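Predicted coordinates and the sequence they were generated for:
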Amino acid sequence: MNLISTRIITAQIETLINFYEQVTGLKATRYTPDFAELKTPGATLAIGSIRTLQFFGGDSVAQPAQNCSMIIEFRVDDVQQRFEQLAVSLKSAIVQEPTIMPWGNQSLLLRDPDGNLVNLFTPVTPEAIEKFKGN
């Protein structure tokens with residue numbers, strides 16, 4: 001089994017697409033006005049409007065901007081550099097500036113426009129670097 005994608009359902013699709021394009025530096029592929037994907041080598045972040053819920057059983061299946069338990073994580077080459085690039089344009093989104101975590105990653109924690117937590121991280125200790133070698 002492979003994890004292929006994580007999907008965010010939102011009432012503000014363009015705002016979320018723009019946020020994730022800015023944070024990741026990737027260009028989203030817009031398949032329809034209600035659905036886009038940002039593809040990385042390891043997985044895809046899908047963003048769907050609330051209108052897509054009709055295909056999954058109706059509006060009550062998911063609620064936008066209600067997540068309180070998940071962090072979307074992106075490994076980046078240099079988290080400090082990403083922080084410096086985003087510090088001005090996304091200042092209000094920053095939850096925690098780059099900090100070295102006990103497990104060896106330097107992490108920058110952001111909050112997207114729907115309130116989802118986003119962690120940009122770079123492995124910095126030998127153990128963390130080894131863990132992600134080849135990924």
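On my side now, so go ahead.

Pull the number of nearby residues for the closest residue to T44 other than its chain neighbours.
Residue nearest to T44 in three dimensions, not counting chain neighbours: S5, with 3.9 Å by C-beta to C-beta, 6 or more residues apart in numbering. C-betas here are computed from N, CA, C, even on glycine. If you count neighbours by other C-beta atoms under 10 Å, S5 ends up with 12.

Wasn't Y20 part of a strand?
No - membership of Y20 in a strand is not supported by DSSP: H, G, I helix; E, B strand; the rest coil, which gives helix.

domains of this protein?
Domain segmentation of the chain under automatic domain parsing yields 1-58, 65-135.

now do the same end-to-end measure for the first one.
Think domain 1-58. Across domain 1-58, the terminal residues are separated by 27 Å (C-alpha to C-alpha, to the nearest Å).

Also stretch 97-112?
Counting by C-alpha to C-alpha, you get 15 Å between the two ends of stretch 97-112.

what do you get for stretch 50-61?
End-to-end for stretch 50-61, by C-alpha to C-alpha: 10 Å.

Can you point out the buried residues in it?
Across stretch 50-61, burial judged by 16 or more other C-beta atoms under 10 Å covers I50, T52, L53.

I'd assumed the last one was in a helix, is it?
Right, L53. Yes - according to three-state DSSP, the state of L53 is that of a helix.

wait, doesn't it sit right on I9?
Yes - the pair L53 / I9 is scored as a contact, 6.5 Å apart, by C-beta atoms under 8 Å.

residue ranges for the strands of the chain, please.
5-10, 29-32, 35-39, 44-49, 71-75, 94-100, 105-111, 117-123 (DSSP state E).

list the helices and strands the fourth one packs on?
The one in question is strand 44-49. strand 5-10, helix 13-24, strand 35-39 (3 or more C-beta pairs under 8 Å, 6 or more residues apart in numbering; DSSP states H and E).

Ok, the first one next?
Helices and strands touching strand 5-10, by 3+ C-beta pairs under 8 Å, 6+ apart, are strand 44-49.

Direction included, what does the strand it packs on pair against?
strand 5-10 (parallel), strand 35-39 (antiparallel) (DSSP bridges).
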